[in-house]
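Dropping a prediction and its sequence here:
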Amino acid sequence: MAKVQVTDVTVLDNPSPFVNPFQFEITFDCTENLPEDLEWKIIYVGSASTEEYDQVLDSVLVGPIPMGSHKFVFQANCPDVSKIPPEDVLGVTVVLLTCSYRDHEFVRIGYYVNNEYTDPELNENPPAQPLFQQIQRNILASNPRVTKFKITWE
């Protein structure tokens, strides 16, 4: 059985401008003391066709973790726009929130993200080079995809 259970993730500042930081309020329970850190990551999927454009927006070590319930806000800057193919900026993509213990990922929470211009005219006729200051990011927070992995905790 997993020693850490993510009980809630709240997506903050959503929807928001594309260039704003990602913010997640994470609540988790720990069933016993963990002597080492949990590593949390926020990963932005830059293209559906290849992992080449995926970006780790930030990672943070939290721990050691005492038994009990814990909550924190994890914030990361928006992706480096120069690393996203222009044709993959608009439309649907994914942001992942992962957690690992001793370099073994035990949970992955994925959210669909829709990027579109706030101006309907730009959505109808998008410019060749994206205007990131005018794009809004909307994370589908109500329907995350949660994947759990069995790991050895000892």
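Arrived safely.

where exactly do the helices run in this protein?
With DSSP state H as the criterion, the chain has helices at 120-124.

Flag the shaky bits of it, pLDDT-wise.
Applying pLDDT under 70 to the chain flags no residue at all.

Surely Gln5 is in contact with Glu32?
No - if you go by C-beta atoms under 8 Å, Gln5 and Glu32 don't touch, sitting 12.0 Å apart. The C-beta positions use only the backbone N, C-alpha and C, and glycine is treated the same way.

Looking at the two, which has the bigger crowd around it?
Gln5 (15 against 11; other C-beta atoms under 10 Å).

mind listing what the spatially closest residue to Asn20 that is not a sequence neighbour touches?
Spatial nearest neighbour of Asn20, chain neighbours left out: Asp13 (6.1 Å); criterion: C-beta to C-beta, 6 or more residues apart in numbering. Shown in contact with Asp13 (C-beta atoms under 8 Å, 6 or more residues apart in numbering): Asn20, Pro21, Gln23.

ok, 10 Å please
For Asp13, the contacting residues are Asn20, Pro21, Phe22, Gln23, Gln75, Arg137, Ile139, by C-beta atoms under 10 Å, 6 or more residues apart in numbering.

and the first one, backbone torsions?
Pointing back at Asn20 there. phi -70, psi 160 (degrees, to the nearest 10).

swap in the second one?
Backbone torsions of Pro21, given as degrees, to the nearest 10, read phi -70, psi 150.

what about stretch 122-130, start to end distance?
10 Å (C-alpha to C-alpha, to the nearest Å).

Buried residues in it, which are they?
Within stretch 122-130, the residues that qualify as buried by neighbour count (16 or more other C-beta atoms under 10 Å) are Leu122, Pro126, Pro130.

Let's have these in a markdown table, adding distance to Ser49.
Formatted as a markdown table, those follow (distance: C-beta to C-beta, whole Å):
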| residue | distance to Ser49 |
| --- | --- |
| Leu122 | 24 |
| Pro126 | 19 |
| Pro130 | 18 |
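
ok, those vs Arg145, which is closest?
The shortest approach to Arg145 among the buried residues of stretch 122-130 belongs to Pro130, at 26.1 Å (C-beta to C-beta).

That closest one against Gly91, yeah?
No - the pair Pro130 and Gly91 does not pass the contact test of C-beta atoms under 10 Å, sitting 11.3 Å apart.

so how far is Pro21 from Gln134?
18 Å (C-beta to C-beta, to the nearest Å).
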